[in-house]
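S.K.: Sequence plus the predicted model coming up.
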Amino acid sequence: MLRNAPKFYEVAKRIVEITEDCILVAHNAQFDNRILRTEFKRLGFEFEKETLCTVELSKALIPIYPPIAWGS
């Protein structure tokens, strides 16, 4: 599936464009932000976005439920 996928440097400019003035919202957003920062650093650029982690948000909004045990 990845054989024909574009290389990061081919989509980096578009990532900057579509995330301008945005908050990165994702499940485990810190992970995604770290990957993006790493890839941009390899290209010689800084990339830092404010994040909203849906994992942490769900814990804050629904504190009575225990964490999901994956695979059980």
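M.R.: Cool, the structure landed.
S.K.: hey, let's count contacts and neighbours off CA atoms from now on
M.R.: OK.
S.K.: Residue 24 contacts residue 48, doesn't it?
M.R.: No. Judged on CA atoms under 8 Å, residue 24 makes no contact with residue 48 at a distance of 9.7 Å.
S.K.: and the two? which has more neighbours close in?
M.R.: More crowded of residue 24 and residue 48, by other CA atoms under 10 Å: residue 24, with 17 against 13.
S.K.: partner residues bridging that one?
M.R.: Following DSSP bridges, residue 24 is listed with bridge partners residue 51.
S.K.: Mutual contacts of residue 24 and residue 48, please.
M.R.: residue 33 (CA atoms under 8 Å, 6 or more residues apart in numbering).
S.K.: So which residue is dead centre in this protein?
M.R.: residue 32 (2.6 Å; CA atoms, centre = their mean).
S.K.: Name the residues that touch the longest helix seen in the chain?
M.R.: Identified as the longest helix of the chain according to DSSP state H is helix 29-42. By CA under 8 Å, 6+ apart, the residues outside helix 29-42 that reach it are 8, 12, 24, 26, 46, 47, 48, 49, 51, 52, 53, 54.
S.K.: Cool, thanks, talk later.
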